[in-house]
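Engineer: no sequence on this one, just coordinates:
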């Protein structure tokens, strides 16, 4: 039952029994992520006033330039989770390898691992465009009481216990699922509390927005090129509107509210796609499916892909079900 002006903390308590593997540990984990998000949000909102804009001067494991806020967000989420002694392992898009967490009070007894993209769309920071954080939670598969291994992180998306994102925009929202639908909470900065503002979010089955970087058109596979032309045709329900922000969290959030499709396909420049399967595609696919949408790599359900590497990449098509179905038709026909 949805309650008016319900806080995230109250929502977690009221829905505890509906959580997979219901436990206080999972609830504490969600609350830890909530706390870290508030800290990062504070830095994002004052980014133009302090020395937090621009490049860090380093590159991450993918060879991408790190922004200062990339590093800050990564350290904030990792340290918050470690300090709360709530997870046994963390993997981040910004780190070469996973982190094993142990200590005097933990002894590897925790059940969950977290995978995250601490600041999606960080190249937009300097121009004041919305960015976000993406997280994914799995129950470990190795024995409790032993150090985590790569096996705990290389699980298909259909094994996720929870996933979510925080969008730092005109308002700051935390949107997440535990496999029982998708709910969105908006931060009241004056009180520091998250309030349920978007209960039971659902993708419209059809939409009129397509989101992709059309600047890479010449590098796209034929199926994607044909689908773009389909979107642009003058028909009764078309042309669709092209909307692309360049922050995946922002693009998918908009499409989930209004109806649309987000596509980041493979290309002649990136044969395996560019988005990370574990840190971006799987958590967003879980959210999209729980909201009644669909997420694939153009041929296969994203959450059925068996990962083999921590930083594995994948093509990504997600959004309103009928739009993704149509895009898949073009991919299967033309490749």
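Structural biologist: Right, received. Where do you want to start? The structure presented is a predicted model; accordingly, all values stated were derived computationally and were not measured.
Engineer: Residue 250: what's it in contact with?
Structural biologist: Applying Cβ atoms under 8 Å, 6 or more residues apart in numbering to residue 250 gives the contacts 121, 129-132, 167, 169. Glycine gets a C-beta too; all of them are placed from N, C-alpha and C.
Engineer: Please tell me how far it sits from residue 132.
Structural biologist: 7 Å (Cβ to Cβ, to the nearest Å).
Engineer: Identify the contacts common to the two.
Structural biologist: 121, 167.
Engineer: Point out the least confident one among the contacts of residue 250.
Structural biologist: On pLDDT alone, residue 129 ranks lowest of the contacts of residue 250, at 82.
Engineer: neighbours around that one, how many?
Structural biologist: Residues lying near residue 129 (other Cβ atoms under 10 Å) number 14.
Engineer: One more: residue 147?
Structural biologist: 12.
Engineer: Backbone dihedrals for it, please?
Structural biologist: Residue 147 has phi and psi values of phi -60, psi 150 when expressed as degrees, to the nearest 10.
Engineer: how about the closest residue to residue 82 other than its chain neighbours, what does it touch?
Structural biologist: Spatial nearest neighbour of residue 82, excluding adjacent residues (Cβ to Cβ, 6 or more residues apart in numbering): residue 101 at 5.8 Å. Residues in contact with residue 101, defined by Cβ under 8 Å, 6+ apart, are 81-82, 85, 87-90, 110, 148.
Engineer: and residue 101, how far is that from residue 78?
Structural biologist: Taking Cβ to Cβ, one finds residue 101 at 9 Å from residue 78.
Engineer: Same question for residue 154.
Structural biologist: 20 Å.
Engineer: Equivalent analysis for residue 144, please.
Structural biologist: Distance of residue 144 to residue 78, given as Cβ to Cβ: 21 Å.
Engineer: Kindly report the same for residue 263.
Structural biologist: Going from residue 263 to residue 78 by Cβ to Cβ gives 31 Å.
Engineer: So these two - more neighbours on which side?
Structural biologist: Neighbour comparison, residue 263 and residue 78: the larger count goes to residue 263, with 25 against 21 (by other Cβ under 10 Å).
Engineer: how many other residues sit next to the nearest residue to residue 67 once chain neighbours are set aside?
Structural biologist: With sequence-adjacent residues excluded and distances taken as Cβ to Cβ, 6+ apart, residue 67 is closest to residue 122, at 4.4 Å. Using other Cβ under 10 Å, residue 122 has 22 neighbouring residues.
Engineer: check contacts around residue 122.
Structural biologist: Residue 122 neighbours (Cβ under 8 Å, 6+ apart): 67, 69-70, 131.
Engineer: what helix or strand is the nearest residue to residue 294 once chain neighbours are set aside on?
Structural biologist: Among residues not flanking residue 294 along the chain, residue 324 sits closest, at 4.1 Å (Cβ to Cβ, 6+ apart). Using DSSP states H and E, residue 324 falls within helix 321-334.
Engineer: Check which helices and strands that helix is in contact with.
Structural biologist: helix 222-232, strand 260-264, strand 294-296, strand 316-319 (3 or more Cβ pairs under 8 Å, 6 or more residues apart in numbering; DSSP states H and E).
Engineer: contacting residues around that helix?
Structural biologist: So helix 321-334 is contacted by 203, 205-207, 210, 221-224, 226-227, 230, 259-261, 263, 292-296, 298-299, 317-318 (Cβ under 8 Å, 6+ apart).
Engineer: rerun at 7 Å
Structural biologist: When contacts are defined by Cβ atoms under 7 Å, 6 or more residues apart in numbering, helix 321-334 is touched by residues 203, 205-207, 222-223, 226-227, 230, 260-261, 263, 292-294, 296, 298-299, 317-318.
Engineer: what about it, distance to the chain center?
Structural biologist: 23 Å (Cα atoms, centre = their mean, to the nearest Å).
Engineer: For the remainder of this discussion, apply numbering that starts at 690.
Structural biologist: Noted, 690 is the first residue going forward, which turns the last one into helix 1010-1023.
Engineer: State the mean pLDDT of it.
Structural biologist: 98.
Engineer: Could I get the buried residue list for that helix?
Structural biologist: The neighbour-count check on helix 1010-1023 (16 or more other Cβ atoms under 10 Å) flags 1010-1013, 1015-1017, 1019-1020 as buried.
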